[in-house]
Every structure is written in structure tokens, then in C-alpha cells.
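Novice: Sequence isn't available, so here's the structure alone:
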């Protein structure tokens, strides 16, 4: 691979960090359901997807380590504080009820699916390889999410109301996924990634019919204030406690093997 | 994980049912020939009852066992441990699923089994009424409780009931990953810094009495084992399994320079048997009857999980549904 | 006071110390579906177990993880348990086949001796080496 210019490098670094941090934090959150889900079978499926997410985070941190000179994945994931993370607010929220967790899963994983579909052709080959490798996993995640949305969105009055209110709550947060980076032009110019705006449009095209199929109403996007800030290191009150908890054992001695 | 050797049973001999002698003889001859019993075969009423009880308790142990280990799921240090612990606890839930299905083939719906768990009518392995206080505890549980469970499950997988054997076969394969993972985690701690070593030693000391309890009371006080042995519901005595476990794992513990809190623990070279101080069996029964350090929390959490999932399930329940059960 | 647990996840659930115990209703865990797993193309589907699920679609999603998460998989069939027809074991004797029905078996056809006798009597029409 040709030597990366420093601007180019900075753009890729920022891009990888935000994607990886999203996956790490959401994978962590979703793992909280293990053993506590609504049905044993669903518990197993949800845990697999949480493991996949952590696997994706690991793959992206590995690129950062191997191609961009960042520290090893454990150090990256387990020693940074909240200001250094670039995840969006959507993934930081506690798991809430299954309505919230499923809706977040649907909105996030749909975006993830489309993002990696775009990245499969990225000029940054290590990333393109990861995108191609995890395609099948994400396809399952989306199928899982859509099936649940459709079933619960059209079942009982209670389930419809719960799913609608979860959707209303998560939409502004989900829009925060697409917070623009200072390097949008740089990434597009080098054919690394076509951009958050493009991704957001594709995402809206996909979620709108699923939401309608599920018998739910998509909130008016233009009237919402997207939850931005995460990509610049400004987070919700939930992130630092999550990190403190996640790193409790690791911090006893970050220099040794556990 | 985790079929403990002890089958909790309150029934008295007076409740024992008389089966058709000809059918019973045929049934026993089949078992003697080493053939398996399938769900639609004739079986003595006590055989069905004891199997449901045993498999159900085993299933409960899996999903309750997911709680002490899940205690550290959000705090596992590093990707490798985090992913492995998630996969392991997931497997335990998966084992619960397989075992409930196996028990259901005998005619008791999963709903009833969970209700009996939550009401305290049906028990689970006693070890899960103890807390996992540190990361060291998860390591010890994953290694030694799973090791004890494997001894028990490998034995039970040679039993007479087809669906249970098939579930156990799959479970034992997955347990071998748990055992390796658990051993690996303990080794890293035991060969690590003084802090890491102290962490695992403390956990081991804490868990030794429940581990000694795991296979159930000594044979001389265990109830109606004989018939269960003849029917291949139970295949080895509690003491035999405990001996097997000690023989396989005490040397592996000692090779790490870890100590066990029993000054009398030694292998008698003449008899080939392990000698040990009898654990406190009164405590064992107290904990089974609800007075352990975590009984209340375990059931409360399980109940809350069912409660939180109720709206999801009720939304998708069919208005009129006939009960169906897994085939085999 | 909600339960304060060693498990931070549990503490966050804010479980009241005194909870009501509402029993799980009959059928609340749905129906069961049987799962047939095909490891790779060319293989047979093999029955591997069952799942509880509210629909066949969901059963598929569940079966994929419960029965396919470790093994190589090519396809999975889902069949509602109640749609499967079988017999009670007491009728298993309908499968008993009288041993003399050798006309249905390959081993029931043995002509080598006739051929050998024929060749001995008439000689072979082919050159043998």
C-alpha cells in the first residue's frame, strides 16, 4: 500500500476510531442482556450479536494498531477515558427495556449494514477486507432486527405503544450516528468512504419502509435535533460509568496479561 | 455446566407407584440390554418423575448458573476474556434451552418448570447460591465447577433416556471449551503478579466447600439411589464422582502452587482413594432450603427477567394455542 | 430498597426486594419447532433439536444461533413440531420385517456359482490371461 499522507492518515484514524468505539460500546451494552432476555432462544441470539460487535471493534482496533501505529487493541479499548472515545450517544444509553434495546439494535445495525456495504469497495484495503468479512454477520443482525420490529410493531396495543415510544426516543439519538467528521471531503476524495450524509440518506431509505411495514410511524426527521457531540468526544452521562465498570479488572494492572 | 449429583426429592416411599409388572420387566430388560428409552416408550411412573426432576434441576442450574458468572460479564479484562466469558455464559443459557426441551419430551411444559423454579418448588445446583466476589471467582467457577459438572455429565450421558443423552452429548462438547477457558484464566492469575495470585487463591479457598458439596451428600445418606441406578437415571454414586473429580483436579490445582483449605486432603496410596474432611452437610441442606448467601437474589433476578420479558412474550402469544412439545 | 448486587447489571435492573410472583401462562413460551441442520451442500439435513418460537421466521433466527453458532452450516429447515407425524413406540413392531424377504436385498441374489459351473462346462468365450 502506498504511504499514507499525514492528513490522509488522520482522516482514516478518526474514521476507524468512531466506528470501532460504536461497536465496542454497543457490544458491551448488549452483552448486559446475557441470561436476562425475554426468552432463552432470544437470549442466545442477542448474545451472539453482541459478541459479533465486539469482534468488529477488535478487527477495527487491529487495523489501527497494525496500519496506523496506534497501541494494541486491549490498551485502546480498556485505557481511554470518555473524552478520548468517539462513539455516538445512541450506543451509550443503558439497555432500558427490550423495546429500547431492540429499536436501537434495528436503527444502529441497519446503518452498520449499509456502512460496511459501502466500505466493501473502499480504497483503504484493510478496511475493505474487514467489511467483506463481516457482511454475513451483519446481514443476520438486520434480519433479526427487522423481524422483531415487524412482529412487535403489529402485535398488541401494548407492544405497539412501546415500540412507537422507543422509536420516538431513539430516532434523535440514531441521527447522531451520522455526525459529520472534519475529514468527510478527504475520505470521499480518496475513495475511502462516500460520507456520513450519503450513508444517512441510504439509511432513511431502508428504515422508512420497515418502520411502515411494522405499523409504526417514523418521526418527522426534520423536526428532530440529532444527538451530536459524540464524534468530538462529548458524551452522555452514561459513558464514563460504563467505562469505569468495563475496565475495573483491567485497571488493577493494565501492564499484565489477564 | 452444572448437573449436580444431588436430586432434590421430597417424596416419601408411600407415594411410590405400582407399575404393571410385565411392562416393568420389559422396560428393565431393555435398559439391561443397553438400549435407550425414547419419549413415546412406556416407562414406569417413577422413572418419568425422577427424570423430569433431574433434567429440570439441571436446566435450572444452567440458567441460574449464568447469574454468578454473568456477575463479571461487563468487567472481563481485555477482548479475549470478554468475548470468551460472553460465549461461555451464552452456552450455559443454551444448555438450559436444550435441557428444558429434553425434560419437555417427558410431558412437563417449560412454563411449568420455570414457575416451579420461581416458586422454590424445584431446585437448582447449590453452588450457585454463593457469590462471585471477584474476577478470581469467575475463573474458579469456569474451571472447577465446570470440571465437576463434566464428571457428572459425562457419567449421565451414558444414561438410559435418549433425549437427555443427546442433549448431554452436545453439552459435554461445549463444556470442554469452558474447562479450557477456565483453566487458562486460572493459570494466568496463578502465574501472574502477587495481586493476581492472591485473587485466585482467595477465590479458590472460598469456593472449595461448595465444590465439595457439588456431588451431593455421601452415599450412606443419599436416598433411593438403588432403583435410579438400576434404571440408569443415576450412573455413579456421589462419592465415586467426588473421588473422580479429586483425582483429576487436585493435582492440577497443586501444580500451580495453590492451596486448598483442607489439611486432611490427601490421596491414600494404599487404597487409591482421596481422604478429606467431610464438608459441612448441615450447611448444604440449609442452603438448599433457601438460606444461602444468594438464594433470594438469584430467584429475584430470574423472576425480574421473566417479568421484564413478559410483555414481549404476551404480545406474540397466539390467542388460542395448543401445547406442543419437542419431539425428541 | 431495590436489590444492590455484586453484579452491576442486576443493580441497574432496580429489582424491588418484594416482587409479585406472576406465573408464566400456559403457552407463554410459544410453540416448538424442530430444527434440521445441513452442514454443507451435498449433505443431508439432520435433526438437531428444537426451539420455542412465536413463528417459523423467528424459529429460524433462534435455530441459527442455538444450533449453528459453532458448526459449519449451509442451511436449516424449520418444521412445526405438531406438523410431524410419527407413531407411538408400542406400534414400533409394524417395522418388523420377516427375515425371509431376501428378494428385496442385494445379498439375496447370488449367481456366481452358476456362472462358474457354466464356464467349467462350456469354457469361456473370452481369452483369459
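Specialist: In hand now; what should we look at? These numbers were taken from a predicted model, which means no experiment stands behind them. Numbers count the residues shown, from 1 in each chain, chains lettered A, B, ... in the order given.

Novice: mind listing the helices for chain C?
Specialist: C:8-12, C:56-68, C:112-122 (DSSP state H).

Novice: most packed of those helices?
Specialist: Each of the helices of chain C was scored by mean neighbour count; the highest is helix C:56-68, a mean of 22, by mean count of other Cβ atoms under 10 Å in any protein chain shown. Just so you know, the C-beta spots here come from the backbone N, C-alpha and C atoms, and that holds for glycine as well.

Novice: From the centre of chain C outward, give me the first residue you hit.
Specialist: For chain C, residue C:47 is the residue whose C-alpha lies nearest the centre (Cα atoms, centre = their mean; 1.1 Å).

Novice: Next, the contact list for the closest residue to it other than its chain neighbours, please.
Specialist: Once flanking residues are discounted, residue C:47 sits nearest to residue C:36: 5.4 Å by Cβ to Cβ, 6 or more residues apart in numbering or on different chains. Counting by Cβ atoms under 8 Å, 6 or more residues apart in numbering or on different chains, residue C:36 makes contact with C:45, C:46, C:47, C:48, C:76, C:77, C:78, C:79.

Novice: May I have the beta-bridge partners of residue C:36?
Specialist: residue C:47, residue C:77 (DSSP bridges).

Novice: State the distance from it to residue C:76.
Specialist: Distance of residue C:36 to residue C:76, given as Cβ to Cβ, to the nearest Å: 7 Å.

Novice: Now do the contacts for the residue in chain C positioned nearest to chain A.
Specialist: As assessed by Cβ to the nearest Cβ, chain A sits closest to residue C:62 within chain C, at 3.7 Å. The contact partners of residue C:62, by Cβ under 8 Å, 6+ apart, come to A:41, A:42, A:44, A:45, C:51, C:52, C:53.

Novice: Of those residues, which belong to strands?
Specialist: Secondary structure defined by DSSP state E assigns C:51, C:52, C:53 of the contacts of residue C:62 to strands.

Novice: Considering those residues, which possesses the most neighbours?
Specialist: residue C:51 (31 neighbours; other Cβ atoms under 10 Å in any protein chain shown).

Novice: Name the nearest residue to that one, ignoring sequence neighbours.
Specialist: Per Cβ to Cβ, 6+ apart, closest to residue C:51 is residue C:62, 4.5 Å.

Novice: do the same with residue A:105
Specialist: residue A:145 (5.1 Å).

Novice: Now stretch B:187-197: buried residues?
Specialist: Within stretch B:187-197, the residues that qualify as buried are B:187, B:188, B:189, B:190, B:192, B:196, B:197, counting by 16 or more other Cβ atoms under 10 Å in any protein chain shown.

Novice: Could you check the pLDDT of the first one?
Specialist: Reading off the confidence values, residue B:187 has pLDDT 98.

Novice: so where does it fall, helix or strand?
Specialist: Using DSSP states H and E, residue B:187 maps to helix B:162-190.

Novice: Is any residue of that helix near chain A?
Specialist: Yes: Helix B:162-190 is in contact with chain A by Cβ under 8 Å from any Cβ of the partner chain, via B:185, B:188, B:189.

Novice: how close does the residue in chain B positioned nearest to chain A get to chain C?
Specialist: Nearest residue of chain B to chain A, counting by Cβ to the nearest Cβ: residue B:309, 2.7 Å away. As judged by Cβ to the nearest Cβ, to the nearest Å, residue B:309 and chain C stand 9 Å apart.

Novice: count of neighbours near the residue nearest to that residue when sequence neighbours are not counted?
Specialist: Among residues not flanking residue B:309 along the chain, residue A:38 sits closest, at 2.7 Å (Cβ to Cβ, 6+ apart). Counted with other Cβ under 10 Å, residues neighbouring residue A:38 total 23.

Novice: for residue A:38, what are its contacts?
Specialist: A:98, B:305, B:308, B:309, B:310, B:312, B:313.

Novice: same thing with residue A:147?
Specialist: C:57, C:58, C:61.

Novice: let's see it at 6 Å
Specialist: residue C:57 (Cβ atoms under 6 Å, 6 or more residues apart in numbering or on different chains).

Novice: Can you tell me the element it falls in?
Specialist: Residue A:147 belongs to helix A:135-153, assigned by DSSP H and E.

Novice: could you give the mean pLDDT of that helix?
Specialist: Rounded mean pLDDT across helix A:135-153 is 97.

Novice: One more: stretch B:142-151?
Specialist: If you average the pLDDT over stretch B:142-151, you get 96.

Novice: returning to what we had before: roughly how far is the helix holding residue A:147 from the heart of the chain?
Specialist: Relative to the centre of its chain, helix A:135-153 is centred 15 Å away, using Cα atoms, centre = their mean, to the nearest Å.

Novice: Beyond that helix, next helix or strand please.
Specialist: According to DSSP H and E, the helix or strand after helix A:135-153 is helix A:157-175.

Novice: The residue nearest to residue A:105 touches residue A:108, doesn't it?
Specialist: No: using Cβ atoms under 6 Å, residue A:145 is not in contact with residue A:108, being 8.7 Å away.

Novice: Residues touching the strand or helix carrying residue A:188, excluding its own?
Specialist: Following DSSP H and E, one finds residue A:188 within helix A:184-189. With Cβ under 6 Å, 6+ apart as the test, helix A:184-189 has contacts from A:11, A:193, A:194, A:195.

Novice: Show the backbone phi and psi for the residue in chain A that chain B sits nearest to.
Specialist: Nearest to chain B in chain A, going by Cβ to the nearest Cβ, is residue A:38, at a distance of 2.7 Å. Here is the backbone geometry of residue A:38 (degrees, to the nearest 10): phi -80, psi -20.

Novice: quick one: pLDDT of it?
Specialist: pLDDT, read off for residue A:38, is 97.

Novice: Show me what counts as buried in the helix holding residue B:187.
Specialist: B:162-168, B:170-171, B:174-175, B:178-179, B:181-190.

Novice: Equivalent analysis for stretch C:79-89, please.
Specialist: For stretch C:79-89, by 16+ other Cβ under 10 Å, it's C:79, C:81.

Novice: Show me the contact partners of that stretch.
Specialist: B:40, B:41, B:324, B:326, B:327, C:32, C:33, C:34.
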